[in-house]
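S.K.: Provided below are the primary sequence and the corresponding predicted coordinates.
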Amino acid sequence: MGQLLAAGHRFVIAHNPRLPFADDSMDEVLTNGVPIDISTFLGPGIQSREVWRILRPGGRWLDNGRVRWIKP
């Protein structure tokens, strides 16, 4: 992660049900090893509707290194 920070990337830890970003504001969302659209004993996982909300048209969601979808 140090190399990513040094390259200017930012990381945000947020409450999954409502991400603190404006609609259509992200080019890319990366998730890794998180539950999607379910809750576990640790709390709610990432909500696909939130990823959809914050992605710009043409933005993509990468989950565990694979493209989950690209917003039209």
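M.R.: Arrived safely.
S.K.: most centrally placed residue in the chain?
M.R.: Val29 (3.8 Å; Cα atoms, centre = their mean).
S.K.: for the host helix or strand of that residue, the averaged confidence score.
M.R.: Here Val29 sits within strand 26-31, counting by DSSP states H and E. Strand 26-31 comes out with an average pLDDT of 92.
S.K.: ok, then the element right after that strand?
M.R.: Where DSSP H and E defines the elements, the next helix or strand beyond strand 26-31 is strand 39-40.
S.K.: hang on, the earlier thing: surely the residue nearest to the centre of the chain touches Arg53?
M.R.: No. Using Cβ atoms under 8 Å, Val29 is not in contact with Arg53, being 10.5 Å away. Yep, even glycine has a C-beta here, placed from its N, CA and C like the rest.
S.K.: still on that earlier bit, who does the residue nearest to the centre of the chain bridge with?
M.R.: Trp61 (DSSP bridges).
S.K.: shaky segments in this structure?
M.R.: Scanning the chain for pLDDT under 70 picks out no residues.
S.K.: that one: strands as residue ranges?
M.R.: 26-31, 39-40, 43-44, 55-63, 66-70 (DSSP state E).
S.K.: just the buried residues of the fourth one, please?
M.R.: To tie it back to what came earlier, the one meant is strand 55-63. For strand 55-63, burial by neighbour count (16 or more other Cβ atoms under 10 Å) applies to 55, 59-61, 63.
S.K.: cool, the first one as well?
M.R.: Using 16+ other Cβ under 10 Å as the test for burial, strand 26-31 gives 26, 29, 31.
S.K.: what is the neighbour count of Pro44?
M.R.: Using other Cβ atoms under 10 Å, Pro44 has 13 neighbouring residues.
S.K.: kind regards, and thank you for your time.
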